[in-house]
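[1] Okay, structure incoming, though there's no sequence with it:
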């Protein structure tokens, strides 16, 4: 009898999409598994390595009425498919799936929850953080296992009352380099005499796009050029007018993304909070040094002066100083160190092996590779 695994998400875009794509691609190869995906129709990628009949998109906006609709839709789907494992991704999806199980317990189904960055670590009010913690602690009662994507996330969430016995650490991983440079339209011509720096992610406050834009305006040197991959998701705009040393590239197809990492000298991750930092390990696998903030899990991935640079979010002059003193030879050396760390800790194979071990520990049947 086949094992049914259902992945449930909300907005599947950016880092969560990269993560899920690699997980789904691996799990669909297993002999005795059937894999499903449920995601928001709005602001989610539509291309996945799954049969179309196994992919479901629910109508959605972030409003109370759609929250109710999503919860009912997902619950009906769960009852129809009867999955052995429900693997939930992100805060809102975690709410939609688990709230119904508070009312109607079902010990047969195993619920795995990964927040991909705890909501109570966001930059928000004390009251909001208090409410988020209370909700997560309540929902943890019907959660079989909680996957943390960094030691920072695990340690700090346990301190706040998330059950230690249900918590486990599985680092995010990503597949090895996939460079296919041929036939890519509008691939930018890069001036190799400059220090070229890449930003990848949503153009929003969390990812620090405003910090980066302000630094770019302040530096305004012809020796450094910035490339920005991504765009706004939560209707937050960013004004790039009258900035000469920036090229905005929009969202890039995942099969082409490694080409863009390879064209630059360094990658910048100026996040205000970050549960993990998938962009950092994507840079590392492409042998690129990473310039990252000292927030969340980023200092766990990037060691200052070893595989990149860490700047102080409370002293942004430190970021300006780092950028002003970059040189290509040092960046190459740091990139090589980062690649070694990637191979040791952050490959997709390692991540997927750990997930399968977790699945097998929770169910009577075993998933066969």
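    Perfect, I can see it now. As the structure is a prediction and not an experimental result, all values here were calculated from the model. Residues are numbered from 1 along each chain as shown.
[2] For the helix or strand in which residue 152 is found, name the packing helices and strands.
    Per DSSP states H and E, residue 152 falls inside helix 151-159. On a contact count with 3 or more CB pairs under 8 Å, 6 or more residues apart in numbering; DSSP states H and E, helix 151-159 meets strand 145-148, strand 167-169. Any C-beta I mention is one placed from the backbone N, CA and C, and that applies to glycine too.
[3] Show me where this protein dips below the pLDDT cut-off.
    178-186, 220, 233-241, 368-369 (pLDDT under 70).
[4] Packing partners of the longest strand belonging to it?
    What stands out as the longest strand in the chain, according to DSSP state E, is strand 33-40. If you count contacts as 3+ CB pairs under 8 Å, 6+ apart, strand 33-40 packs onto strand 3-8, helix 14-27, strand 55-58, helix 64-81.
[5] any idea which of these is most buried?
    Of all the helices and strands packed on strand 33-40, strand 3-8 carries the top mean neighbour count, a mean of 23, counting by mean count of other CB atoms under 10 Å.
[6] for it, the distance to its chain's centre please.
    Relative to its chain's centre, strand 3-8 lies at 20 Å (CA atoms, centre = their mean, to the nearest Å).
[7] so the closest residue to residue 170 other than its chain neighbours is in which element?
    Spatial nearest neighbour of residue 170, excluding adjacent residues (CB to CB, 6 or more residues apart in numbering): residue 354 at 4.5 Å. Residue 354 belongs to helix 348-362 when assigned by DSSP H and E.
[8] Please, where are all the helices along the stretch 201-350 of the chain?
    Secondary structure of the stretch 201-350 of the chain (DSSP state H, counting those that start in this stretch): helices at 209-219, 257-262, 278-285, 298-301, 317-324, 328-345, 348-362.
[9] deepest of the ones you listed, which one?
    helix 278-285 (a mean of 27).
[10] can you give me how far that one is from the chain middle?
    On CA atoms, centre = their mean, the centre of helix 278-285 falls 11 Å from the chain's centre.
[11] Measure how that helix sits relative to helix 328-345, angle-wise.
    Orientation note: helix 278-285 sits at an angle of 110 degrees relative to helix 328-345 (axes from the mean of the first three to the mean of the last three CA atoms, to 10 degrees).
[12] Next, the angle helix 348-362 makes with helix 278-285.
    Going by the same axes, to 10 degrees, helix 278-285 makes 130 degrees with helix 348-362.
[13] Against which helices or strands is helix 278-285 packed?
    Counting by 3+ CB pairs under 8 Å, 6+ apart, helix 278-285 packs on helix 14-27, strand 195-200, helix 257-262, strand 266-269, strand 289-293, helix 298-301, helix 328-345.
[14] circling back to that earlier point, for the helix holding residue 152, which positions count as buried?
    152-154, 156-158 (16 or more other CB atoms under 10 Å).
[15] quick one: which of these is nearest to residue 226?
    Distance ranking of the buried residues of helix 151-159 against residue 226, using CB to CB, places residue 152 first at 27.4 Å.
[16] if I look at that closest one, how far off is residue 268?
    Using CB to CB, to the nearest Å, residue 152 is found at 20 Å from residue 268.
[17] next one: residue 349
    Distance, residue 349 to residue 268, by CB to CB: 27 Å.
[18] and residue 110, which of the helices and strands packed on strand 33-40 is closest to it?
    Closest to residue 110 of those, according to CB to CB: strand 3-8, at 9.9 Å.
[19] Next, format the helices and strands packed on helix 278-285 as a markdown table and append distance to residue 50.
    Output for those, formatted as a markdown table (distance: least, CB to CB, whole Å):
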| stretch | distance to residue 50 |
| --- | --- |
| helix 14-27 | 6 |
| strand 195-200 | 25 |
| helix 257-262 | 20 |
| strand 266-269 | 30 |
| strand 289-293 | 32 |
| helix 298-301 | 29 |
| helix 328-345 | 27 |
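[20] Check whether the residue nearest to residue 275 when sequence neighbours are not counted sits in a helix, strand or coil.
    Of all residues not flanking residue 275 in the chain, residue 117 sits nearest, at 2.9 Å (CB to CB, 6+ apart). What DSSP: H, G, I helix; E, B strand; the rest coil gives for residue 117 is coil.
[21] just to revisit the earlier point, looking at the helices and strands packed on helix 278-285, spot the one closest to residue 248.
    Per CB to CB, nearest to residue 248 of the helices and strands packed on helix 278-285: strand 195-200, 9.8 Å.
[22] Identify the residues contacting the closest one?
    Contacts to strand 195-200, defined as CB atoms under 8 Å, 6 or more residues apart in numbering, come from residues 190, 209, 212, 223-230, 257, 260-261, 263-270, 279, 282-283, 288, 291, 323, 326-328, 331.
[23] what's the answer for stretch 121-130, then?
    Here stretch 121-130 has contacts from 120, 132, 153, 156, 205-206, 272-273, 275, 296, using CB under 8 Å, 6+ apart.
[24] Quote the end-to-end distance of it.
    Across stretch 121-130, the terminal residues are separated by 11 Å (CA to CA, to the nearest Å).
[25] Equivalent analysis for stretch 283-293, please.
    15 Å.
[26] can you start the count at 744 instead of 1 from here on
    Got it, first residue is 744 now, which makes that one stretch 1026-1036.
[27] mind checking which of the helices of the stretch 944-1093 of the chain is nearest residue 842?
    Nearest to residue 842, of the helices of the stretch 944-1093 of the chain and by CB to CB, is helix 1091-1105 at 21.0 Å.
[28] Find the residue closest to residue 906 in space, skipping its chain neighbours.
    Excluding its sequence neighbours, the residue lying closest to residue 906 (CB to CB, 6+ apart) is residue 883, at 5.5 Å.
[29] is it true that the one you found touches residue 909?
    Yes. With contact defined as CB atoms under 8 Å, residue 883 reaches residue 909; the gap is 6.3 Å.
[30] returning to what we had before: export the helices of the stretch 944-1093 of the chain as TSV, with columns for distance to residue 849.
    Listed next are the helices of the stretch 944-1093 of the chain as TSV, based on distance: least, CB to CB, whole Å:
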stretch	distance to residue 849
helix 952-962	42
helix 1000-1005	39
helix 1021-1028	32
helix 1041-1044	36
helix 1060-1067	49
helix 1071-1088	36
helix 1091-1105	14
